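1. give me the fold of what follows.
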Amino acid sequence: MTNDQWKDLLYAIHKGKCMLLLGAGASTLTKNGITRPLTEWLSLELATQLRNNHYPLEESESGSLLYVATEYLLHFQSAIKLQSEVERFYREQAKQPNELLRAIAKLPFPLIINTAPDTLLEKAWMGEFKEYHKTFYSLLKERSREEADLQIEDPTGDCPLLYNLFGSVEDSASLVLTEKDRLKFIEDIIQHNNAIPNAILKEFREDKVVLFFGFDFEQWHLRILPKKIFQKEEISAPVIVPNGGQTLSKGAMVFYQKQYKMDFLPEDPLAFVQELSRRWENYEAEAGQETQQAPVRAVFLYDREDEPWKVMLDKHFAVLKRAEGIHTWDESMIGAGEETGEQIRQQLDQANLILLLVSSDFLASDKLYNEQLRQALQRSGEGKAYIIPILVRPCAWEGAVFAKSKFILPRKQNPIAAWDDKDAACRSIVLELEKYLPIIVENLQA
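-> Below you'll find the model as predicted:
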């Protein structure tokens, strides 16, 4: 890819506008120095069982799970036996995610659609100690769109959705294994809108970059599946397919390039993800440098009766201090022999974030309300500082000069002291400040 293409891809990831589709080839297992997709190892094992029962198989098709599972079901006439063998295989063999899945788990993709039925993708996320949600398609389970959507929360880069498109080994009856299953699946997604939950399909309605890893694009169903998922006549965002130089018939290549504008790249999927990870780390570092501003100087204005609330809040500010470069100051930091009023005036002159710890004692204090707050309001009026009232104890603050502020914390104007969990109240304040701090800094600079 060109540098401009990499930049566009990194920007899409940053904005949460990049999703990932994993084929069965992304989930591999190495045995005796040979690396194959898990589905292929499963197919070979089932084929061995059939041959041991003197059942004839096409040797060239022994690695095709669709073919072998279909023959297996025809021979043994037992879906339960097939499902049981599949469960056993994945229980014994699918224990550790490969390097590709571990590399993918380090990147902030909001939505990952996986056609492999194993749980290795989840294990990769667990290995990174990251949050995630998961769900899977069920071939046999009838459910309404509303029911399906209730099981899915909006995916984000911090907490993505892992969706098993062909079912999951956690529920073997959900698996799409045989040719008949695949036909039913295609029929289901064409005829029934609730086959794939709307919460997932809506992610495709927006223009997002889509990455395909580990697919065999010669398989017939892939001519239909993207059409149903993309739900668009025109694909405007890039569709990127690093396939490691895998040979593709001319007809298939032309079809996918014309129909879905797929850009087939010669890079190996693992090498592509590793390069993407390296560039993503640099992108984040550069973005951090670009957004790094002069430290935000925050001053607490409060009555001494509210010292415990100030101490509690300042402890919760520790993360903001480290991550965002906030410096906090309050009058308890005035040294012995220093003139209190003058020190506070100097600090307010340098402050660009002024936090009012509002209580009845704060409102009753002439020094706070008539002197220090007046100086703070003057700096706010000049565009040099933001004033943020923080309600610490219930009081009649609605007639105060700051009552019309649009940014009063905690939200819903519920004082910290009124919360059953005071730490939770402080946490909510810090999270709100963290969310709006970039805007505050930008506005101050403007």
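2. where do the strands sit along this structure?
-> Ranges of strands in the chain, per DSSP state E, are 18-22, 28-31, 34-37, 111-114, 133-136, 161-164, 209-213, 239-242, 262-265, 297-301, 327-329, 353-358, 386-391.
3. so who does the residue nearest the centre of the chain touch?
-> With distances taken as CA atoms, centre = their mean, Gly157 lies nearest the centre of the chain, 1.9 Å away. Gly157 sits next to Ile13, Gly16, Pro108, Phe109, Pro110 when contact means CB atoms under 8 Å, 6 or more residues apart in numbering. No exception for glycine: its C-beta is placed from N, CA and C like everyone else's.
4. can I see the domain layout of the protein?
-> Structural domains assigned to the chain are 3-27+94-286, 294-445, following automatic domain parsing.
5. hey, what's Lys31 bridged with?
-> Beta-bridge pairing for Lys31 (DSSP bridges): Ile34.
6. let me know the pLDDT of it.
-> Lys31 carries a pLDDT value of 92.
7. what distance do you get for it to Leu38?
-> 11 Å (CB to CB, to the nearest Å).
8. by mean pLDDT, which helix or strand of this protein comes out lowest?
-> Within the chain, no helix or strand scores below helix 145-150, which has a mean of 49 by mean pLDDT, DSSP states H and E.
9. any stretches of the stretch 1-150 of the chain with poor pLDDT?
-> Within the stretch 1-150 of the chain, the stretches with pLDDT under 70 are 139-150.
10. quick check: phi and psi at the residue of the chain most remote from its centre.
-> Residue farthest from the centre of the chain, counting by CA atoms, centre = their mean, is Gly337 at 52.7 Å. For Gly337, the backbone dihedrals (degrees, to the nearest 10) come out as phi 90, psi -10.
11. what residues are up against it?
-> Per CB under 8 Å, 6+ apart, neighbours of Gly337: none.
12. now the helices for the stretch 301-446 of the chain?
-> 307-316, 318-324, 340-350, 360-364, 366, 373-381, 422-445 (DSSP state H, counting those that start in this stretch).
13. nearest to Ile190, out of these?
-> Closest approach to Ile190 among these is made by helix 422-445 (42.0 Å; CB to CB).
14. which elements pack onto the closest one?
-> Contact analysis of helix 422-445 by 3 or more CB pairs under 8 Å, 6 or more residues apart in numbering; DSSP states H and E lists helix 307-316, helix 318-324, strand 386-391 as its packing neighbours.
15. quick one on the thing from earlier: of the domains of the chain, which approaches Leu65 most closely?
-> Smallest distance to Leu65 across the domains of the chain (CB to CB): 6.7 Å, for domain 3-27+94-286.
16. Leu46: which of the domains of the chain is closest?
-> domain 3-27+94-286 (9.7 Å).
17. neighbours of Arg205, how many?
-> 11 (other CB atoms under 10 Å).
18. about what we covered before: and the helices of the stretch 301-446 of the chain: which comes nearest Asn3?
-> Closest approach to Asn3 among those (CB to CB): helix 422-445, 26.8 Å.
19. how about that closest one: buried residues?
-> For helix 422-445, the neighbour count (16 or more other CB atoms under 10 Å) marks Lys422, Ala425, Cys426, Ser428, Ile429, Val430, Leu433, Leu437, Ile440, Val441, Leu444 as buried.
20. nearest to Val273, of the residues you listed?
-> Each of the buried residues of helix 422-445 was scored against Val273 by CB to CB, and Leu437 proved nearest at 32.0 Å.
21. for Phe407, see how far away the closest one is.
-> Distance from Leu437 to Phe407, counting by CB to CB: 11 Å.
22. next one: Ile196
-> 41 Å.
23. the more surrounded of these two?
-> Neighbours were counted for Ile196 and for Phe407 using other CB under 10 Å; Ile196 has more, 21 against 14.
24. wait, doesn't that one sit right on Phe185?
-> No - between Ile196 and Phe185 there is no contact under CB atoms under 8 Å: 10.1 Å.
25. joint contacts of the two?
-> Tyr137.
26. and the helices and strands packed on helix 422-445: which comes nearest Thr70?
-> Nearest of the helices and strands packed on helix 422-445 (CB to CB): helix 318-324, 54.8 Å.
27. tell me which other helices or strands the closest one touches.
-> Using 3+ CB pairs under 8 Å, 6+ apart, helix 318-324 sits against helix 422-445.
28. the helix it packs on to strand 297-301, inter-axis angle?
-> Going by axes from the mean of the first three to the mean of the last three CA atoms, to 10 degrees, helix 422-445 is angled at 130 degrees with respect to strand 297-301.
29. and the angle from helix 422-445 to helix 307-316?
-> In terms of direction (the same axes, to 10 degrees), helix 422-445 departs from helix 307-316 by 70 degrees.
30. helix 422-445: how far from the chain's middle?
-> The chain centre lies 21 Å from the centre of helix 422-445; the measure is CA atoms, centre = their mean, to the nearest Å.
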